[in-house]
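[1] When you get a sec, could you give me coordinates for this:
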Amino acid sequence: MLIEKTLVLIKPDAVKRQLVGEIIKTYEGKGLIIEKMKMIYAEDEKLKAHYAIHSQKPFYNRLLDFMKSGPVVAMALSGANAIEMVRILNGNTNPCLAESGSIRGRYASDVTENCVHGSDSLASAEREIQIWFE
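    Model prediction:
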């Protein structure tokens, strides 16, 4: 059993809709442990570092604007195969393709405003946790 750490962001749309408790319950229900957690208003510097790989994509500015539109809950979670577990629990980035029981399948309606972010690899998790929890 591989114990990993991963970053989860509960995005402004989910915070605004008061889904934070339900989303956390989903992760904890699968045995993931909250190592660190904070609610913040994300600043440009942090968002640009986090989303650097998307900087040349057409949706980049919309994504940054959305992520600054309200508070974000950042969490470092740990557990057995935490990265893959979170990605499964989150569901497909496109809510139309997300499994109906996943977080995005239940709550999201837009590819950008899709409630949650989860690291996609061990390297990304390490980099992203450093960005959000310096």
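[2] Which parts of the chain are helices?
    Listed in chain order, the helices of the chain (DSSP state H) span 12-16, 20-29, 44-50, 60-67, 82-90, 103-107, 122-132.
[3] so which of those helices gets nearest Ala76?
    Closest to Ala76 of the helices of the chain, according to C-beta to C-beta: helix 122-132, at 5.1 Å. Backbone N, C-alpha and C define where each C-beta goes, glycine included.
[4] Mind giving me the packing neighbours of the closest one?
    Counting contacts by 3 or more C-beta pairs under 8 Å, 6 or more residues apart in numbering; DSSP states H and E, helix 122-132 packs against strand 3-10, helix 44-50, strand 72-80.
[5] right, so of the ones you listed, which gets closest to Gly105?
    strand 3-10 (15.9 Å).
[6] Run through who's touching the closest one.
    Residues outside strand 3-10 that contact it (C-beta atoms under 8 Å, 6 or more residues apart in numbering) are 19-20, 23-24, 27, 35, 72-83, 86, 115-119, 122, 124-126, 128-129, 132.
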